[in-house]
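**Student:** sequence plus the predicted model coming up.
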Amino acid sequence: MTLHLYYQDDQLIAPVEVLTCQPHDELFAATLHATPFHPQGGGQPSDTGWIGEAQVLRVTQEGQQIVHYLPQPLQLGLQEARVDEKRRRLNSRMHSAGHLIGHFVQSLGWTPIKAHHWPGEGRVSFKPGERPQAVDRIQVQRALEQWIGANLERHITMESGTRQVRFGQLPAYGCGGTHVHQLQELGPVSINSVSEKKGTLSVNYSLD
């Protein structure tokens, strides 16, 4: 099982131990004892970066292992991993903004069912609870602006083996993704549309 260094530590450069590196299609698939790279999942794209001099093109969760795909083989043993900071920061901002949307719309009686935190494609989907209220784009926009203006701080805990993430006193979500430290790091967030189709409510958003 690969250890997830990014669960508690936002460090983007870390010494790692390469355990395996095997050819895979036209690439090489490497596993590490522990990794700072976030794999694709939870609606979030994977990190990219480098292990040694080899570029990490994508990262996936495969069973209990996190697999790093590279264009060249790695020597087994100790290496230095470096996560692409610009990509990590953008993915963390998108994911954190999606959480805020989830919090507010859930408070109006809707249950989050799916999220897509990809740049240019941000979307959170909900199904109605027992007494769902109408959701207005301006409502959601104002709620996010209030929380961002308050610069709520991120808190991470592990409860019964599940990673919990919350901002300020907002409710915690079970989440394995990466997030900003404080909400002002998000910058402006735009709620582009709120629509309902076949009982599913979709909130589309982007970062300015």
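**Tutor:** Now that the structure is in, tell me what you want to look at.

**Student:** outline the domain layout of the chain.
**Tutor:** The chain breaks down by automatic domain parsing into domains covering 3-83, 87-207.

**Student:** can you list those domains in TSV and add mean pLDDT?
**Tutor:** What follows is those, written out as TSV (pLDDT from 0 to 100):
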stretch	mean pLDDT
domain 3-83	97
domain 87-207	96
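
**Student:** could you redo those as TSV and give each row mean neighbour count?
**Tutor:** To be clear about C-beta, it is placed using only N, CA and C from the backbone, and glycine gets the same treatment. As requested, those are exported to TSV (neighbours: other C-beta atoms under 10 Å):
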stretch	mean neighbour count
domain 3-83	17
domain 87-207	17
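
**Student:** my guess is Gln40 meets Leu57, correct?
**Tutor:** No. Between Gln40 and Leu57 there is no contact under C-beta atoms under 8 Å: 11.6 Å.

**Student:** give me the phi and psi for the most centrally placed residue in the chain.
**Tutor:** The centroid of the chain falls nearest to Gly177 when counting by C-alpha atoms, centre = their mean (3.5 Å). With angles defined as degrees, to the nearest 10, Gly177 sits at phi -90, psi 180.

**Student:** ditto for Asp9
**Tutor:** Taking degrees, to the nearest 10, you get phi -130, psi 120 for the backbone angles of Asp9.

**Student:** from Val56, how far out is the nearest residue to it once chain neighbours are set aside?
**Tutor:** Excluding its sequence neighbours, the residue lying closest to Asp9 (C-beta to C-beta, 6 or more residues apart in numbering) is Pro36, at 7.5 Å. Distance, Pro36 to Val56, by C-beta to C-beta, to the nearest Å: 10 Å.

**Student:** so what sits against both of these two?
**Tutor:** Both Pro36 and Val56 are contacted by 47, 81, under the criterion C-beta atoms under 8 Å, 6 or more residues apart in numbering.

**Student:** can you name the residues in contact with the top strand by length along the chain?
**Tutor:** As assigned by DSSP state E, the longest strand anywhere in the chain is strand 13-24. Contacts to strand 13-24, defined as C-beta under 8 Å, 6+ apart, come from residues 5, 28-36, 51, 69-70, 73-83.

**Student:** perfect, that will be all.
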